[in-house]
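K.L.:
Model the following, please.
(one chain, ligands or ions: 1)
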Amino acid sequence: MPKLELLPAVDVRDGQAVRLVHGESGSETSYGSPLEAALAWQRAGAEWLHLVDLDAAFGTGDNRALIAEVAGAMDIKVELSGGIRDDASLAAALATGCRRVNLGTAALETPEWVAKVIAEHGDQIAVGLDVRGTTLRGRGWTRDGGDLYETLERLDSEGCARYVVTDIAKDGTLQGPNLELLKNVCAATDKPVVASGGVSSLDDLRAIASLVPDGVEGAIVGKALYAKAFTLEEALQVVSG
Ligand SMILES: O=C(O)c1ccccc1NCC(=O)[C@H](O)[C@H](O)COP(=O)(O)O
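P.N.:
Here you go, the predicted model:
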């Protein structure tokens, strides 16, 4: 089986590591200290951490200092997401030393700025394509933001290096990933795709890994790890190729 990168998630709301259902504000289950969670994933052998500032994504404040503390404590690569929408928030995100950032809302609302930062920062910029059906959602997944495939075509033409693809209907539900969506996005772009949302089992990871030849590069796993559906060590073993 081809190797799949695994990105355990730490989503931060109001200073706590949480998981949401369908990304909905108010559906939080809390899992304690974000730093402890991140260090646990690092100790278990993760090569990447997917770190999300949910308050910044929802516009309910931010966890910027804590996010910087967590990112700074990591020896592994960090992908940072949530509320990165302008020069100041991008500069703060990159100053944490993270390997890359995910832009979501900005790719829908300020496409000129996104084209500019893609040109400036290359593969330090990924775009999160968060969808319901084939409609993109921004502002913490609360507002419609256009057609998935039209936006993908535009971002490809601007040189976007990578996409993080989430089916919101699956996110935080432990119902399995949307493999059809992943296949369709891979068919529409030559750029690598990171799958996010819904992973519930080691078989789900095997199914995502079977899409590596199509262009899937990695998988983000949140709820399944916190719910102890499997251990990160087991997951890393399964995706190691
Ligand atoms: O990433 C964001 O910006 C974001 C914004 C609003 C709500 C949720 C957001 N991200 C959620 C994640 O990235 C999850 O960590 C990831 O999809 C894992 O999902 P799961 O394995 O289903 O818990």
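K.L.:
Can you pull the residues of the protein lying near the ligand?
P.N.:
Residues of the chain lying close to the ligand by C-beta under 6 Å from any ligand atom are 9, 11, 19-20, 23, 50, 52, 54, 57, 81-82, 104, 128, 140-141, 166, 171-172, 196-199, 220-224. Where you see a C-beta, it was placed from the backbone N, CA and C, and this is true even at glycine.
K.L.:
Next step: those restricted to helices.
P.N.:
Using DSSP state H, the members of the residues of the chain next to the ligand that fall in helices are Leu54, Ala57, Lys223, Ala224.
K.L.:
Show me which positions of the helix or strand encompassing Cys186 end up buried.
P.N.:
Assigned by DSSP states H and E, Cys186 belongs to helix 179-188. By 16 or more other C-beta atoms under 10 Å, the buried positions in helix 179-188 come out as Leu179, Leu181, Leu182, Asn184, Val185, Cys186, Ala188.
K.L.:
now do stretch 38-57
P.N.:
By neighbour count on 16+ other C-beta under 10 Å, the buried set for stretch 38-57 is 38-39, 41-42, 46, 48-57.
K.L.:
cool, and stretch 164-180?
P.N.:
Those would be 164-174, 176-179, for stretch 164-180 by 16+ other C-beta under 10 Å.
K.L.:
Now for those residues: which two are most distant?
P.N.:
The most widely separated members of the buried residues of stretch 164-180 are Val164 and Leu174, with 19.2 Å between them, by C-beta to C-beta.
K.L.:
what's the average pLDDT for the helix holding Cys186?
P.N.:
For helix 179-188, the mean per-residue pLDDT is 98.
K.L.:
please renumber so the chain begins at 153
P.N.:
With 153 as the first residue, the last one maps to helix 331-340.
K.L.:
Could you identify the helix or strand that succeeds the lowest-mean-pLDDT helix or strand in the chain?
P.N.:
Counting by mean pLDDT, DSSP states H and E, the chain has its least confident helix or strand at strand 295-299, which shows a mean of 91. Next along the chain after strand 295-299, taking DSSP H and E as the criterion, comes helix 300-309.
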